[in-house]
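Peer 1: Have a look; sequence and predicted model below, questions after that.
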Amino acid sequence: MDAVRRERATEATKEEFFGTKFKYGRNDCAQVARKHAIRCGCAFNSSEGGNYSTPLGAKRALTRMGYENLRDLMDKNYEVIAPARALPGDIIELEGDEVIGTLVVYLGNQKALSFHETQDAMCIVQILEPARAWRMGKKIG
């Protein structure tokens, strides 16, 4: 994916989700990552997962799709990269207490578009402990 498309996709994702309230199945980190992947031209098929509105429902949707958690979904669909090599628009997993995982869209300069427990809506956070990252722009396999 070229730099212009990467920048446009990231900005469009930010414009759509920044300030939105968290809601499982509609405005959560998996849905943000899915829509961002579509904008990057490398969407994964989520139709088998079905709808969900709770953490347990999200876990069940991943299971129906054949994945253990969000990391597993990302590992099987995208190139794993060191978090330090992430470019704006790549997806990063943060350490968190979510059973299914926590994904954010990297904006550059150690900042990311994310839902955060101390905020009412999607915001920009400082990345302190990235766990894993994936290159957006092409799927693997």
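Peer 2: Nice, thanks for sending it over. Numbering: from 1, shown residues only.
Peer 1: Could you list the residues in contact with the lengthiest strand in the chain?
Peer 2: In terms of residue count, the longest strand belonging to the chain (DSSP state E) is strand 130-139. For strand 130-139, the surrounding residues in contact (Cβ atoms under 8 Å, 6 or more residues apart in numbering) are 1, 5-6, 9, 36-37, 40-42, 44, 71, 74-75, 77-83, 85-87, 89-95, 106. The C-beta positions use only the backbone N, C-alpha and C, and glycine is treated the same way.
Peer 1: Keep only those of the residues you listed that are in helices.
Peer 2: Of those, the ones assigned to helices by DSSP state H are 5-6, 9, 36-37, 71, 74-75, 77.
Peer 1: Report the two of these separated the most.
Peer 2: Spatial extent of these (Cβ to Cβ) is set by the pair 5 and 71 at 25.3 Å.
Peer 1: between those two, which one's more packed in?
Peer 2: residue 71 (18 against 15; other Cβ atoms under 10 Å).
Peer 1: so how far is residue 12 from the more buried one?
Peer 2: Distance, residue 71 to residue 12, using Cβ to Cβ, to the nearest Å: 25 Å.
Peer 1: ok so, going back, the longest strand of the chain pairs with which strands, parallel or anti?
Peer 2: Strands that pair with strand 130-139, judged by DSSP bridges, come out as strand 78-81 (antiparallel), strand 91-94 (antiparallel).
Peer 1: Please identify the deepest-packed of the ones you listed.
Peer 2: Mean neighbour count (mean count of other Cβ atoms under 10 Å) peaks for strand 91-94 among the strands paired with strand 130-139, with a mean of 22.
Peer 1: Pull the distance from it to the chain's centre.
Peer 2: In terms of Cα atoms, centre = their mean, to the nearest Å, the centre of strand 91-94 is set 7 Å apart from its chain centre.
Peer 1: which residues make contact with it from outside it?
Peer 2: 33, 36-37, 70-71, 74, 78, 83, 86, 101-106, 112, 114, 127, 129-134, 136.
Peer 1: The residue nearest to the spatial centre of the chain in helix, strand or coil?
Peer 2: In the chain, the residue lying closest to the centroid (Cα atoms, centre = their mean) is residue 33, at 3.1 Å. The three-state label given to residue 33 by DSSP: H, G, I helix; E, B strand; the rest coil is helix.
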